[in-house]
Structures are given as structure tokens and as C-alpha cells.
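Visitor: Based on what follows, work out the 3D shape:
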Amino acid sequence: MTIRPIIVIPDPRLKQRSEPIEAVTDEIRRLAEDMLETMYAAPGIGLAAVQIGVLKRLVVLDVSREGEEKRPMVFINPEIVWASEETSTYEEGCLSIPEYYEEVERPARVRVRYLDLDGKQQEIEADGLLATCLQHEIDHLDGVLFIDHLSKLKRDRVMRKFTKAARREVAG
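Guide: Model (predicted):
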């Protein structure tokens, strides 16, 4: 297993749509292992393949609390097949937008269809933090960041800050 570098805004790959995975192979399973290791090392509770520069529809999550046993989850080609009209608001952050947090309103419950590591189709119904995390990571697969759910003013402010930092890094 390998810890991979996480790309951050304004990297243009984060705005691209990820490609479906045709078959669950050993290569895809290794990618999922690397993603879990990268996510835990960051530390984070969710990671989409695009965040390590791989434009494939693959998401890993672990919403277990600190001190609890780890409960890694892998979602291949996840899609939201149902979302509640009821909403909830969580403070979200993102490993690709380090140290920036903002409240985002999303459907409170979702049902997600996906393939597991054996290539079998599964469905999960989620609420609370898991529902929010699934929506956040599936958004990544469609080139959508959590800041895209904020006002234009807040989004522009964040993008300016990270674009400046990226320019300083290149010049540095």
C-alpha cells in the first residue's frame, strides 16, 4: 500500500468528471487500498480517486469515530438513486481544500447503488454523517466541490486564496 499525494484546488483535475470503472480488477483493489491508506494518513473520513489524480469513479470512506474500530468502506461507480426531501446541514471540509470548513445543506438521507470490491452490485441507505460524506465524495466524481454549494462570494474568496498560494508555491 502506498500513501499518494492529494491534489488541492485550483488543480483543474478536481473539476473533471471521473470515468466509470469497467471491471473490478486487482489494480482497482490496490487503488482502493492506497486510497484508504492515504485517507487515514491525511487524516480524513472520505476520499475520491480524483483527489489523488485518478479520474475513476471510486470512493473510500470511514466515518467511525476516533477511538472506535476502523470501518473502511469502498464504493465503485457509486450513484445516488434516491435522496430525501428533508435536508440536514453539516460543517464540511475537504482534503483538497485544506483547513477550510463551511456549513453545507444537503439531503438528510440518500440511497446509493455501487459495486463492492468483488464487483457485486450493492445498495446502502444512509443518513447523518455517512449520507453527507457519500454525497460530498460522489460530487467529487462529477467535478463538484463542496464550495460549489456555497454562495459565489464565499466560493470566489476561497478560490482566490488557494490560487494565490499555488502561485507562491510555483514561484517559491
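Visitor: I'd guessed Tyr90 sits against Leu134; true?
Guide: No. Between Tyr90 and Leu134 there is no contact under C-beta atoms under 8 Å: 11.9 Å. The C-beta positions use only the backbone N, C-alpha and C, and glycine is treated the same way.
Visitor: Show me which of those two is the more surrounded one.
Guide: Leu134 (25 against 19; other C-beta atoms under 10 Å).
Visitor: Contacts only, for that one.
Guide: 59, 61, 75, 78, 80, 110, 112, 124, 126 (C-beta atoms under 8 Å, 6 or more residues apart in numbering).
Visitor: Kindly report the same for Gln51.
Guide: By C-beta under 8 Å, 6+ apart, the residues touching Gln51 are 6-7, 14, 95-96, 140.
Visitor: now do 6 Å
Guide: 6, 96 (C-beta atoms under 6 Å, 6 or more residues apart in numbering).
Visitor: is it true that it lies in a strand?
Guide: No. Per DSSP: H, G, I helix; E, B strand; the rest coil, Gln51 lies outside any strand segment and is helix.
Visitor: Can you give the distance from the lengthiest helix in the chain to the centre of its chain?
Guide: What stands out as the longest helix in the chain, according to DSSP state H, is helix 152-171. Put simply, helix 152-171 sits 20 Å off its chain's centre (C-alpha atoms, centre = their mean, to the nearest Å).
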